[in-house]
Every structure is written in C-alpha cells, then in structure tokens.
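Asker: Let me see the structure of the following:
(chains A and B)
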Amino acid sequence: MVTTIPWRHGLLLAALPLIGCDTLNAPIPAVPPPDLRIVITTQRDYPTPGEAKIHAENLAKVPIRDADDLGGGKYRMVLVCPDVVTCREAAQRIANDRTFALGVDAENPTTRQKIPIKPTREQSR
Amino acid sequence: MTSLKMKHRRIAKALGALAVLALPALGGAPTVANAQGAGLRAASTPVVDTRHARVIVKYKADGALMRESTLSARDPDRVVVQHAARLSQRLGLVLRDGFMIAPRTQVLHARDMSSAALVARLQADPDVEYAEVDERVHFTAVPSDPRYADNQAANVTPTVGQWYLRPPTATFVSAIDAQTGWDTTKGSPAVVVAVLDTGVRPDHPDLAGKLLPGYDFVSADPDGSFASANDGNGRDADASDPGDWVTSAESTQANGPLQNCDIGDSSWHGTQTSALIGAATNNGVGMASVGWNVRILPVRVLGKCGGFQSDVVAGMYWAAGINIPSAFGTGPANPFPAKVLNMSLGSATTSCAQSYQDAMTAVTNAGANVVVSAGNDAGLAVGQPANCTGAIGVGGLRHSGTKVGFSDIGPQIAISAPAGNCVNPLASDPCLYPILTATNTGTTTPATNTYSDSFNISVGTSFSAPMVSGTAALMLSVNPTLTPAQVRSTLQSSARAFPTSGGTVGTTMCVAPNGSQQLECYCTTSTCGAGMLDVRAAVLAVPAPATTQAVAFATPAAPAPGASVTLDGSTSVPGTGKTITGYAWTMVDAGGIATLVQPATAASAVVTTTGGGTFSVRLDVTDSGGGAPASKTLVVTAATPTTSPPSSGGGGGTMSLAWLLGLGLAVAALRPRRR
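Answerer: As a prediction, this is how the structure comes out:
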C-alpha cells in the first residue's frame, strides 16, 4: 500500500524549485568543491563503469560520480570530497588495494593537455 | 617581323594545346603561378579508362611478326611496324594501329577494354618484347591554389607562399617537396587522418567537403561545468570549434575551472592543423595541403585551456576505430577509422602516462600511426605524448634546416619538418617564413574564415606534425598495407640529412636536453630525429603491396536520406608486378533503400537511395595476375546529421548538484513504502 504523509508533501514542494533549475540560471559556486578526477587502471575489466565505480567507492569512502570506461581496464571517475586532503586520501585508499587497482592517476588542471605554447618572435627567428 | 609574329603564334598554339592536354590532371586551367617550374611527368595514379585501351608495344626482333615484315628489308629496325590486323586475328580482339614511335615499337588501340587488360594480353604473346600502358602525361603537379605560389599577388603575405611544400632550394633547405611527391600520389580519399585538436571550422572553404563526421570528446570540468568545452555540453557528435579564448576574468577566478589558464584569443588550432593535412587542393581556392585528396576526421579533445588527458585518450581509441563502451557518451562506433592520428598537443610532463602509453600501443596495434608534435618549450625535453613509445614525434626546423628556436628536442623525436620562422624578431615586422594555413578572424567566437600570414602568424611544432601526418597518408595511399612500423622506418630512411652549415651566425650543434633552453642549433640525429622530412623520397620508397588491394570510398561519406552516392574504387592499388584489369560492384545489402545503378563495372559506381538507412556494397578488383579478385565492402549510412546530441561526461553542468539534490528529495518523498 502506497501512502504519503504531510511532511513528505512539504519535502516535495521544497524540492520542486531545485528540479526546475537549469544550467543557465544556476549560479557558478564561488568556491567549487575540490573534487578530484582520477583514472584507475584496474586489475580486470568490469562489465560497466558503474560496477568499477561501486568497487572504487567502497574503497575510497567518499562519493564518486561520472564513472567512464576508457578501455583497457581504465576507468575515469570523479571523487567528491569536501577538501583536497580528503580527496588525496581517498585516491590513496583505492591505490592501496592492489587486488582492485594497478594504478591511480590523478588529473587536475595543471596536467591539462594543451596546444603547444605559442612561441615568441624571438624564439621564432 | 611578320614571320616572328607567326612563330610566336605557333609557339603559343603549341603551348595552348599542351595546356589543354594537361587540363584533366589539373582540374582546371593552369594559372601563370602553377606553370612555374613545370616539367612533364607521367602521372603514376592515372585516371583508369576501361573502355579505350592505348598501349605501347615493342616486338621481338626475331619474332614471327618481325620476320614476316623484314623479308625484303636489310635492317629490321627501319621497317614500319603496323601489326594490329595480325594481332587482332591472333588474340581475338579488335585492334587499331597507332603511330610507330621507335624501332619495332608502335602504339595499339582497342575499344571496350582497359589499357592494363590489353597489356596483359600482349605480354603473353611470344612475339612481344614488352607492352606497357601509354600513360597520359601531365605537368608536374603544381596546384592551382593561389596562396601556394611564390611571389603571389600584391598585399598577400607571406610573399613566399607555401614555401614548405615545394622542392628544397638553397634558401628553403627544409622544404619537404610535397610538390614532386604529388607526381607519385595525390592521396586517396579512402585514407582517413584524424586530427585530435580543438575541432574545426567546418565552413572554411578549404575544409568544406574534406571533413568526415567527427566527434567531440571534451567533457565536463571537474566542477561539473562546461567552461572548457565552451559549447554548453559534453561529448557529442559536433566536432566544430566554438573558440577557445580565455578571458582575464576566467583566468583569475579563484578555484574557477579556468583558473591560471593562459589568457588569449581563440586559436582555431584544429582548423590550422587540419588544413595543412587535407585542405582542398588544386581547387583554385586558398591553400594546398600535403595530403591533397585525403580526408580529415575531426576529433575535438581540446577546449578552453586545453583538455584533460582522459578525453584525449578516449579520442585516440575512437579515432582508430577501437570501440569503447561507455555510459557517458564515448559515442557510436567510428565508421571512418583513421590510419593516421595527428596530435599537435601535449604537456610538459617528461614521462609518458600509463593511460597514454596504453592508448598509443592499442592504436598502433590497430594499424594506425600516431604523429605528435615535439612541443615549443625552446629546446627542453620532449613532453608527453610525443615521448610515448610508438609515437612519431616531430621536431621543428627553420627554413634553413636548423632547429627552430622554440622546438623541443630529444631522442624521442623521429623526424623533423618545417615549423615556421620569422627571422625578424619584432612583431611589427613581417614574419618571413611562417607556415601559411587556414584559420578564422574571430578573437572569441568564429567570425570570417581566412588564412594566416606574415602578421597573423602560425609557427610552432604544431604545424610540423601535420606535414608528417599528411606524408604518412600519402604513403598509405600508395600501399594501404603498410604497418605503423613500416611507415615510421620509411619516413626516417627517406629523410634528408640535416645541414651542418647555413644557420644564423654563431649557431652551434644541438646537445641533449639539459633543462636549459636551446634556441637555434644544428640538428643531430639524437636531438631532432632521423633527418628532414622528404615527401618525394618517402612516397617513392614505399613498395607496392604484395597483392592487389581494393580501395573504395563513398561521396558523400555520410549522405542525407534520399541522396545519390558515388562509390569510387579508382584508388585501388595493384599488387607488385600487376595491373588492374577490372572493377565490379555488387550490392550486398540494400537496406531497403538503395539501388546500384547498372552497369557497375567501372572504377566508379552510383547508388541511389530512397530514404534513411544503411546499405553495403562490395567492390571486386581483378588484376593481370588472374587470381581471385581483391574485395572491399563499403558500409554507408544515409542519415540526417546529428547536431544536438545529448550532453554527457560529467553531469549536468552547474545545475547538477542542486538538480540531483532536488531529484533525490522528490524521489524520497514519493517513494512507496511498506508498512
């Protein structure tokens, strides 16, 4: 039997404005969480990236989002953490389980792949 | 005076006739510019005419035919040979005599067969010393593109045009001589070069018609936004370049997704690199490209402030046709797997990340060549992914053949090619030897399509790599069976030696990277690769495949529902010592929409469609060896182009956390519960 009680109606009403948010209207947070994007090389392939994510989440002890299969037993996912230290520790916990992970590479803006830096005229003589 | 005028008229008439003969090869009237330095050569990729055979045949001096002809003559080499009638009887063909062109040598004509087929029949005759196709002769393949030429129109810079594609000279020591290479091959549209970059401007006149449907791999930033992607979404089928400008506000926003990124205007980098590889060539518009006829698969992996390694890696797999299942939009399988991946990108990391190395290994094992620019950190060690095993790292040269100041160096570099150099150090003075290429005038979003020049310059190893990629594509057009290892070794063995003189006064030898910058220096094989890229030598060094290879492509590659599709097998490659004698197209699966127009026994065929769907057609190519035909099956999908695919790769942008929270609360509120 399905029932709803008044306090749940209240919760639903409170939630509706949030559902209505869209990309354009939502403000960019002033200080986004220091989530860490990692690439895990796993011991074996998983049927779906979601299964790799569940395993990683159990080890990391933090929520994980956006698991993606890069092929060759590599899975990219984002650790959701309140601070940088927590993220690093979470990644380390994943890396420590050698039955699951062969390696964990962290990705951050400083390791972005870029167009080679534009040469100066002096270097272009 | 009058006789002199008449003489001039006769010369002009003769030249005019020669120009008319050359028209089919040039695809249009030759301009004054493209007549520069022209010589006569036989095209090695002739248009195959299967209905009119024309061959040159030489008879054996002691053969029956010559003995009959010379009964009353002292010298058999002075006898007029016209043996069409006798050979017609003997071979069961209808032959017609052509001119005698040399002792015991004449031209023979036949109808309703190819020259190659007639050659095969004649070669088997005991009276024939040799028979060969009477190939049409063309001017050396100088393209009609106006920006190609030296000393081009007033107010167009650089005045040296596309110096880097022409044969080397005392001034342009590092020029790659694509021009002579085009006499061997102008590239096959069946050879696909993937350009992993910022995407392309598909409306650029030199790229329109040369692009295959690519993919955009730029996913969400770590904060869930699409600031880097700059197109409002993640992975999708739209590989166009929306611009990659970075503002001061973006760069200084604390903890913002583009914090500390280099401030700058949009680069149109992917358009620039793509055009060097495959700009439409000999079309009287803009520029020429190394690859001439090859096609470009744009794979967008960089946005604002570059891109993430994982997106580049995903793009590599996809480009090579390795299908990776994904819940976040890796996309459909690539129907146009590339044999060459151009990656004018990287980071200063001097080791190769494992995920990069794995991708490099998988892609090369799949038969694709990965060409990567060395980097522009002025003589520091090569960064990744150029330093990964299997990558063809490309260093940058000045016009004089010395290492250009900005190019990185190291043993990981396989070969070097021109990267553009200015001589004049001041930006207010013209850059003398930039790498002219396609670009756009927009400083942020796209504006007018144009070309780089002496003031809006394009220099960098980013432009050296496409020259090698284009060359690799030409090599694969000559022999589609080449492995990546063979492509690399042939590029290297055919490269020209680096000069040891001619640099700027005071130039010294390059030394192994040591953490300090090294500007211009004389290249060595341990710092700049095997030598200077030489397109002519590279394509000539490619052996014919052991067996005949059927090669086919469709135009358009991705037709709209109901469109007609032209299938082309003319770039099929005969095996060693063989000639192609016939083509046959067969509908394998019409998909309920396709009809093959009959007869379908020429090098090209036409399929008409009645709607959307997929059909497949097989091409069988027979050769003079008489064995089983070589086959190639083309699968073509007629579909409405996808321009607004679903977003992916990192949630829903800035709304994601709030949206998920709201959704979670709503689900919790409505979730049925048991009592």
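Asker: C-alpha coordinates for stretch B:587-604, CSV please?
Answerer: Output of stretch B:587-604 as CSV, limited to C-alpha atoms (Å, rounded to 0.1, in the frame of the first residue of the first chain):
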residue,chain,number,x,y,z
MET,B,587,25.0,-4.7,-53.7
VAL,B,588,25.5,-6.8,-50.6
ASP,B,589,22.6,-5.4,-48.5
ALA,B,590,20.4,-2.7,-50.0
GLY,B,591,18.9,-2.0,-46.6
GLY,B,592,15.5,-1.4,-48.3
ILE,B,593,16.7,2.0,-49.5
ALA,B,594,19.5,1.5,-52.1
THR,B,595,19.8,0.7,-55.7
LEU,B,596,23.0,0.2,-57.5
VAL,B,597,22.9,1.8,-61.0
GLN,B,598,23.9,-0.7,-63.7
PRO,B,599,26.2,-1.4,-65.3
ALA,B,600,28.5,-1.3,-62.3
THR,B,601,31.8,-2.4,-63.8
ALA,B,602,33.8,0.8,-64.0
ALA,B,603,36.1,2.3,-61.4
SER,B,604,33.2,4.3,-60.0
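Asker: Tell me the buried residues in that stretch?
Answerer: Residues B:Met587, B:Ala590, B:Gly591, B:Ile593, B:Ala594, B:Leu596, B:Ala600, B:Ala602, B:Ala603 are the ones in stretch B:587-604 that count as buried (16 or more other CB atoms under 10 Å in any protein chain shown). C-beta coordinates here come from the backbone N, C-alpha and C atoms, glycine included.
Asker: do stretch B:613-627 as well
Answerer: For stretch B:613-627, using 16+ other CB under 10 Å, the buried residues are B:613-625.
Asker: gap between B:Gly161 and chain A?
Answerer: Distance check for B:Gly161 against chain A: by CB to the nearest CB, to the nearest Å, it reads 19 Å.
Asker: next one: B:Ser458
Answerer: Distance of B:Ser458 to chain A, computed by CB to the nearest CB: 9 Å.
Asker: what's the burial count for that residue?
Answerer: For B:Ser458, the count of nearby residues is 26 (other CB atoms under 10 Å in any protein chain shown).
Asker: Mark which of the buried residues of stretch B:587-604 are part of strands, please.
Answerer: Secondary structure defined by DSSP state E assigns B:Met587, B:Ala594, B:Leu596 of the buried residues of stretch B:587-604 to strands.
Asker: and the nearest residue to the last one once chain neighbours are set aside, what are its bridge partners?
Answerer: Read that as B:Leu596. In this structure, B:Leu596 finds its nearest non-sequential neighbour in B:Met587, 4.5 Å apart by CB to CB, 6 or more residues apart in numbering or on different chains. Beta-bridge partners recorded for B:Met587 (DSSP bridges): B:Val617.
Asker: what sits against B:Met587?
Answerer: Residues near B:Met587 by CB atoms under 8 Å, 6 or more residues apart in numbering or on different chains: B:Ala594, B:Thr595, B:Leu596, B:Val607, B:Phe615, B:Ser616, B:Val617.
Asker: And those, which two are furthest apart?
Answerer: Spatial extent of these (CB to CB) is set by the pair B:Thr595 and B:Ser616 at 13.5 Å.
Asker: Would you mind giving me the confidence score for B:Gly664?
Answerer: For B:Gly664, the model assigns a pLDDT of 31.
Asker: typo on my end, it should be A:Glu89
Answerer: The model reports A:Glu89 with a pLDDT of 89.
Asker: And A:Ile115, by the same measure?
Answerer: According to the prediction, A:Ile115 has pLDDT 86.
Asker: how many neighbours does the closest residue to B:Thr450 other than its chain neighbours have?
Answerer: Leaving aside its sequence neighbours, B:Thr450 sits nearest to B:Thr441 (CB to CB, 6+ apart; 5.4 Å). The number of residues packed near B:Thr441 is 12, by other CB under 10 Å.
Asker: Now do the same contact list for B:Thr441.
Answerer: By CB under 8 Å, 6+ apart, the residues touching B:Thr441 are B:Ala447, B:Thr448, B:Asn449, B:Thr450.
Asker: rewinding a little: which one of the buried residues of stretch B:613-627 is nearest chain A?
Answerer: Distances from chain A to the buried residues of stretch B:613-627, taken as CB to the nearest CB, are shortest for B:Thr614 (25.1 Å).
Asker: any idea which helix or strand carries that closest one?
Answerer: Element membership for B:Thr614, per DSSP states H and E: strand B:613-623.
Asker: distance of B:Asp568 from B:Trp585?
Answerer: 10 Å (CB to CB, to the nearest Å).
Asker: more neighbours, these two?
Answerer: The neighbour count for B:Asp568 versus B:Trp585, taken as other CB under 10 Å, is higher for B:Trp585 (25 against 19).
Asker: tell me the SS of that one?
Answerer: The three-state assignment at B:Trp585 reads strand, by DSSP: H, G, I helix; E, B strand; the rest coil.
Asker: gap between it and B:Val371?
Answerer: Here the criterion is CB to CB. By it, B:Trp585 lies 34 Å from B:Val371.
Asker: So which residues make contact with whichever strand or helix holds A:Ile38?
Answerer: Mapping A:Ile38 onto the secondary structure by DSSP H and E places it in strand A:36-42. The contact list for strand A:36-42 (CB under 8 Å, 6+ apart) reads A:52, A:56, A:70, A:72-79, A:81, A:84, A:87-88, A:90-91, A:94, A:100-108, B:222, B:308-310, B:354-355, B:358.
Asker: Need the nearest residue in space to the closest residue to chain A within the stretch 51-200 of chain B, chain neighbours excluded.
Answerer: Taking CB to the nearest CB, chain A has its nearest neighbour within the stretch 51-200 of chain B at B:Thr198, 7.2 Å off. Nearest residue to B:Thr198 in three dimensions, chain neighbours excluded: B:Gly270, at 4.1 Å (CB to CB, 6+ apart).
Asker: how many other residues sit next to that neighbour?
Answerer: Residues near B:Gly270, counting by other CB under 10 Å, number 31.
Asker: does it really touch B:Pro298, like I thought?
Answerer: Yes. Using CB atoms under 8 Å, B:Gly270 makes contact with B:Pro298 at a distance of 6.5 Å.
Asker: shared neighbours, those two?
Answerer: Contacts common to B:Gly270 and B:Pro298, judged by CB under 8 Å, 6+ apart, are B:Val195, B:Asp197, B:Gly199, B:Val200.
Asker: Apply the buried test to those and list what passes.
Answerer: Among the shared contacts of B:Gly270 and B:Pro298, those classed as buried by 16+ other CB under 10 Å are B:Val195, B:Asp197, B:Gly199, B:Val200.
Asker: Mark which of the residues you listed are part of strands, please.
Answerer: Going by DSSP E, the strands hold B:Val195, B:Asp197 from those.
Asker: hang on, the earlier thing: kindly reformat the shared contacts of B:Gly270 and B:Pro298 as TSV containing pLDDT.
Answerer: Formatted as TSV, the shared contacts of B:Gly270 and B:Pro298 follow (pLDDT from 0 to 100):
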residue	pLDDT
B:Val195	98
B:Asp197	98
B:Gly199	98
B:Val200	98
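Asker: Wait, B:Gly611 touches B:Gly562, no?
Answerer: Yes. The criterion here is CB under 8 Å, and B:Gly611 meets it with B:Gly562 at 5.9 Å.
Asker: residues in contact with the residue nearest to B:Gly502 when sequence neighbours are not counted?
Answerer: Distances taken as CB to CB, 6+ apart put B:Ser400 closest to B:Gly502, at 4.9 Å, once the chain neighbours are dropped. Shown in contact with B:Ser400 (CB under 8 Å, 6+ apart): B:Thr171, B:Val173, B:Ser174, B:Pro499, B:Gly502, B:Gly503, B:Thr504.
Asker: ok, of those, which one's closest to B:Ala427?
Answerer: Checking these against B:Ala427 by CB to CB gives B:Thr504 as the nearest, at 19.0 Å.
Asker: wait, the closest one sits on B:Glu520?
Answerer: Yes. Between B:Thr504 and B:Glu520 there is a contact at 5.7 Å, judged by CB under 8 Å.
Asker: what touches both of those two?
Answerer: Residues touching both B:Thr504 and B:Glu520 (CB under 8 Å, 6+ apart) are A:Arg125, B:Thr402.
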